[in-house]
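*Asks:* I would like to see how this sequence folds:
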Amino acid sequence: MATKKTIAAAFVLVVVLMALVATSEPVVPPVSVPASQLRPCMGDCMPMCMETEGATTESCMVACEGYCDQVEGNSPEATYDGYL
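*Replies:* Numbering: from 1, shown residues only. Down below sits the predicted model:
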């Protein structure tokens, strides 16, 4: 009788663990880009970009380069003409 209870308890435990795994978020592997190619501001941009559906490392690198240019003030759109 104790064996049946043990098997039933183990089965319930397995079902609960399967439900927890099924509802958890997937682990996103780290971006495999050499650190020498990453600008400091890409630490803010790359994780958010890679969460976008269909995003690739290459497309995020291009997008984050534009983001970094704007944040660092290196883009034509980021120039200051003296007007507020």
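
*Asks:* which helix in this structure runs the most residues?
*Replies:* helix 2-23 (DSSP state H).

*Asks:* pLDDT score for Glu53?
*Replies:* Predicted confidence (pLDDT) for Glu53: 91.

*Asks:* give me the number of residues near it?
*Replies:* 4 (other C-beta atoms under 10 Å). Every residue, glycine included, has its C-beta placed from N, CA and C.

*Asks:* Could you say whether it sits in a helix, a strand or coil?
*Replies:* Put simply, Glu53 is coil when judged by DSSP: H, G, I helix; E, B strand; the rest coil.

*Asks:* again, but for Pro40
*Replies:* Applying three-state DSSP: Pro40 is coil.

*Asks:* List phi and psi for it.
*Replies:* Main-chain dihedrals, Pro40, degrees, to the nearest 10: phi -60, psi -40.

*Asks:* Can you give me the pLDDT of it?
*Replies:* Looking at Pro40, the pLDDT reads 82.

*Asks:* Count the neighbours of it for me.
*Replies:* 9.

*Asks:* coming back round to it: restrict the longest helix of the chain to CA atoms and write it as PDB.
*Replies:* The C-alpha trace of helix 2-23 is given here as PDB (Å, rounded to 0.1, in the frame of the first residue of the first chain):
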ATOM      1  CA  ALA A   2       2.800   2.400   0.800                       C
ATOM      2  CA  THR A   3       4.400   1.700  -2.600                       C
ATOM      3  CA  LYS A   4       1.200   2.800  -4.400                       C
ATOM      4  CA  LYS A   5       1.200   6.100  -2.300                       C
ATOM      5  CA  THR A   6       4.800   6.700  -3.100                       C
ATOM      6  CA  ILE A   7       4.300   6.200  -6.800                       C
ATOM      7  CA  ALA A   8       1.200   8.400  -6.800                       C
ATOM      8  CA  ALA A   9       3.200  11.200  -4.900                       C
ATOM      9  CA  ALA A  10       6.000  10.900  -7.400                       C
ATOM     10  CA  PHE A  11       3.600  11.100 -10.300                       C
ATOM     11  CA  VAL A  12       2.000  14.300  -8.900                       C
ATOM     12  CA  LEU A  13       5.400  15.800  -8.300                       C
ATOM     13  CA  VAL A  14       6.400  15.100 -11.900                       C
ATOM     14  CA  VAL A  15       3.200  16.600 -13.200                       C
ATOM     15  CA  VAL A  16       3.700  19.800 -11.100                       C
ATOM     16  CA  LEU A  17       7.400  20.100 -12.300                       C
ATOM     17  CA  MET A  18       6.300  19.600 -15.900                       C
ATOM     18  CA  ALA A  19       3.700  22.400 -15.500                       C
ATOM     19  CA  LEU A  20       6.400  24.700 -14.000                       C
ATOM     20  CA  VAL A  21       8.800  24.000 -16.800                       C
ATOM     21  CA  ALA A  22       6.200  24.600 -19.500                       C
ATOM     22  CA  THR A  23       5.200  28.000 -18.100                       C
END
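
*Asks:* Alright, I will stop here.
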